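Novice: show me the folded form of this:
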Amino acid sequence: MTQQNPIGKLFDKVARRYDFLNHFLSLGIDVLWRKRLARKVADLKPSSLLDLATGSGDLLLAILKNSPTILRYYGVDISQEMLALAKEKGLDNLLIADASSLPFVESSFDVVTVAFGLRNFQDRMLALREILRVLRPGGTLYVLEFSKPTAILRPFYLFYLQKLIPLLASFVGAPKDAYIYLAQSIVDFPQAKELVGLFQNAGFEGCGFVPMTFGIVMIHWGKKPEIVLNKSALKT
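Specialist: Okay, the predicted model is just below:
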């Protein structure tokens, strides 16, 4: 069923151009965004990690490089082609699964991360509740996601996002329609304070966010309340 997901198919189409375009269209700043999130994860000294929408694995690699305490990790995505790229980079424990139905039992992970993927989840609330379920009590969700920059920059940013990015993507052989969709998904994504409300409604506490690069990108977070749940690993 996962293979029939239209978002999965879209990312299968862009997979071989994805990393290049990420670095090219962000002028390389995307590497710094991931490093900052990786440092935040490292500060928690987790022993287990789940990276959702892991894509080609760049965030997962950055986290593992910075967090020697991690003994167990999984990378999950709905795109077979994106996971193939992650595997080529040396990552293991890669699974095809939908964020709204994860193959793990309750309280499996200390930290869950999502980089540039939450906006593509078809049912965000269901996915957030599923993330809450697989986090251990007191565990943390980190989301790295695009946002809309400060008002003075917003018109220029939206022009770049909606007009130039699809055009530039098509010049290097990526499907223009895919980048039109990805640009629109950023425009339609909830603003930071609205996302805090979404996290809270899903059951997270201690939620917050920090902007980067004039608000173009945000790191969001929320914690699972300290309650006692089953701490097994994968479903059997």
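
Novice: burial count for I78?
Specialist: Look at I78: counted by other C-beta atoms under 10 Å, it has 27 neighbours. No exception for glycine: its C-beta is placed from N, CA and C like everyone else's.

Novice: quick check: pLDDT value at it.
Specialist: The model reports I78 with a pLDDT of 95.

Novice: chain neighbours aside, what residue packs nearest to it?
Specialist: Among residues not flanking I78 along the chain, G8 sits closest, at 3.8 Å (C-beta to C-beta, 6 or more residues apart in numbering).

Novice: from A53, how far out is that neighbour?
Specialist: Counting by C-beta to C-beta, to the nearest Å, the separation of G8 from A53 is 11 Å.

Novice: of the two, which one has the most company?
Specialist: Taking neighbours as other C-beta under 10 Å, G8 and A53 compare with A53 leading, 25 against 20.

Novice: looks like the more buried one contacts N120 (just checking).
Specialist: Yes - with contacts counted by C-beta atoms under 8 Å, A53 reaches N120, the gap being 6.9 Å.

Novice: one step back: need the overlap of contacts for G8 and A53.
Specialist: Residues touching both G8 and A53 (C-beta atoms under 8 Å, 6 or more residues apart in numbering) are D77.

Novice: might you report the residue contacts of G55?
Specialist: G55 makes contacts with F11, Y18, D77, S79, M82, L85, A86, A115, F116, G117, as judged by C-beta under 8 Å, 6+ apart.

Novice: what helix or strand is W221 on?
Specialist: W221 belongs to strand 217-223 when elements are defined using DSSP states H and E.

Novice: what residues of stretch 117-132 count as buried?
Specialist: G117, L118, R119, N120, F121, R124, A127, L128, E130, I131, L132 (16 or more other C-beta atoms under 10 Å).

Novice: just the closest of those to P103, please.
Specialist: P103 has its nearest neighbour among the buried residues of stretch 117-132 in E130, at 10.6 Å by C-beta to C-beta.

Novice: for that closest one, give me phi and psi.
Specialist: Dihedral pair for E130: phi -70, psi -40, per degrees, to the nearest 10.

Novice: same thing with D98?
Specialist: Torsion angles, degrees, to the nearest 10, at D98: phi -90, psi 140.

Novice: which strand residues bridge it?
Specialist: On the basis of DSSP bridges, D98 is bridged to S101.

Novice: and the gap between it and N5?
Specialist: For D98, the distance to N5 equals 7 Å [C-beta to C-beta].

Novice: more neighbours, these two?
Specialist: A side-by-side neighbour count of D98 and N5, using other C-beta under 10 Å, places D98 first with 22 against 17.

Novice: my guess is the more buried one contacts A53. True?
Specialist: No - in this structure, D98 is not within contact of A53 by C-beta under 8 Å, at 10.5 Å.
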